[in-house]
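Enquirer: requesting a structural model of the entry that follows:
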Amino acid sequence: MEHRVFIIAVALSACLMLWSIPVAGASDRAASPNASNKIECDNTPPEETVKLIFIHHSCGENWLSDADGGLGMALRDNNYYVSDTNYGWGQDGIGDNTDIGHWWTWFCGPNSETYLDALYAEYGDHSYNYSRLADPDANRENEIILFKSCFPNSYLGGNTDDPATAGDNPLRGQPAYRDDLGEMNPDLTVANAKGIYNDLLDYFALNQDKLFVVITAPPLGENDTDADHAANARALNSWLVFKWLDTYPYNNVAVFNFFHVLTSNGGDTNTNDAGQELGNHHRWWNGTVLHSQTVFNDYSAYGCDAWDSHPTAAGNQKATEEFVPVLNVFYNAWKAGTVVEGNTDGNLPTDCSLEQNYPNPFNASTRIRFNLPRTTVVKLRVYDLLGKEIELLLSEKRQAGIHEVVWNAKDAPSGIYLIRFEAGDYTKTKKLILQK
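Expert: Next up is the predicted model:
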């Protein structure tokens, strides 16, 4: 029998997450990086036109395009004057270099001052295919700097929980793909990537007149990666969203999880799930910035084809719909001197429990929800009244949080069934009524 498994609430690890991200005072952040006092986010567009520049190439160009992702139009309509870099831009052709290791070159390397002076004063549209406002003031510098790596940067070695490399880092200034090796750069690892992002914070701390927004690299298609490298990419990006800024005392850095948003769709690669309650999202939702996951997938849900990981227009449009309101929140919080802060464990269950399935009685399918206060192995079995096991719905380790399993009983006859839940030493059984 077919069944689908969903997770719908908080978890503490790199996956299975549903996080509300409220706004807390900057002083609160310095005292308690994980403060959970909830203040409603302000996602209104800025009243005065804000100058923004986007460092990107390849996927970023498609995302900006009026005929594809529509990001340029959406930013225009939210009062951002958008410029961008692209292939060949700047001294040394630095615009060609947007891999994770290259961010060290941009912001920390020996020529970074030259690159960044030019960046802050760059007002051109180097992608040529997106709409934008008129320049509000040719003498004003760009206030917001978006920077995004492309999908090869989602092929990360190492392990999901590797700590950041400290000190000398072999990834500094290096590409994701090594032409001299004819393969992906072996130094592109979780640890080294974390170390690069930590390096950047020194520069960001000295330039609080700018808002720096990391756009994580998009996911790779299933034919372009493997489960371990894909899981590492999710782990790095989750670390960026939830851990990277824990001890950073200022509010001029933010992260949008482009990777995560592109790992669920609305049924196929050309239909997105923007606006749907379920799915993988990073968006403004019900008054807060919400990072949620109900689909277990670390691969691209929007690859152009089986061997092309470039996101389809539908995927880029989902990212646009979710990103721009979140950018408004980031900008307003920065200007107000507040911080977009993660609410970590305030929503975790305190006890292990199995809830009654819904609906009950049911026809064909029903939802079974259970709560875990800590990570543990979970088994969920369906039995008939004679004690015969009908189906093993779940048997694996699950993170702390509120979880939901859908039992699709379309092949089972009408009758009364028992659902048995085991989580560590805790067991519980409840009655299910199938009526067809």
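
Enquirer: how near is the residue of the chain most remote from its centre to Leu432?
Expert: In the chain, Leu386 marks the outermost C-alpha relative to the chain mean, sitting 45.8 Å out by Cα atoms, centre = their mean. Distance from Leu386 to Leu432, counting by Cβ to Cβ, to the nearest Å: 15 Å. Yep, even glycine has a C-beta here, placed from its N, CA and C like the rest.

Enquirer: what's the answer for Gly69, then?
Expert: 44 Å.

Enquirer: more neighbours, these two?
Expert: More crowded of Gly69 and Leu432, by other Cβ atoms under 10 Å: Gly69, with 28 against 21.

Enquirer: looking at it, the more buried one is touching Gly60, isn't it?
Expert: No: if you go by Cβ atoms under 8 Å, Gly69 and Gly60 don't touch, sitting 9.1 Å apart.

Enquirer: next secondary structure after the helix or strand hosting Ile419?
Expert: Per DSSP states H and E, Ile419 falls inside strand 415-423. Once the chain leaves strand 415-423, the next helix or strand it forms, by DSSP H and E, is strand 426-434.

Enquirer: buried sites along that next one?
Expert: Going by neighbour count (16 or more other Cβ atoms under 10 Å), the buried part of strand 426-434 is 426, 432, 434.

Enquirer: could you do stretch 208-225 as well?
Expert: Result for stretch 208-225 [16+ other Cβ under 10 Å]: buried residues 210-222, 224-225.

Enquirer: quick check: the farthest pair among those residues?
Expert: Farthest apart among these by Cβ to Cβ are Lys210 and Glu222. That separation is 37.4 Å.

Enquirer: how long is stretch 240-257 end to end?
Expert: Using Cα to Cα, to the nearest Å, the end-to-end distance of stretch 240-257 comes to 8 Å.

Enquirer: from the chain's centroid, how far away is that stretch?
Expert: 13 Å (Cα atoms, centre = their mean, to the nearest Å).

Enquirer: could the buried residues of strand 426-434 go into a markdown table alongside distance to Trp307?
Expert: Listed next are the buried residues of strand 426-434 as a markdown table, based on distance: Cβ to Cβ, whole Å:
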| residue | distance to Trp307 |
| --- | --- |
| Tyr426 | 46 |
| Leu432 | 43 |
| Leu434 | 43 |
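
Enquirer: okay if I get the residues you listed as TSV plus pLDDT and distance to Leu394?
Expert: Shown next, in TSV, are the buried residues of strand 426-434 (pLDDT from 0 to 100; distance: Cβ to Cβ, whole Å):
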residue	pLDDT	distance to Leu394
Tyr426	94	14
Leu432	95	15
Leu434	95	19
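
Enquirer: sounds good, over and out.
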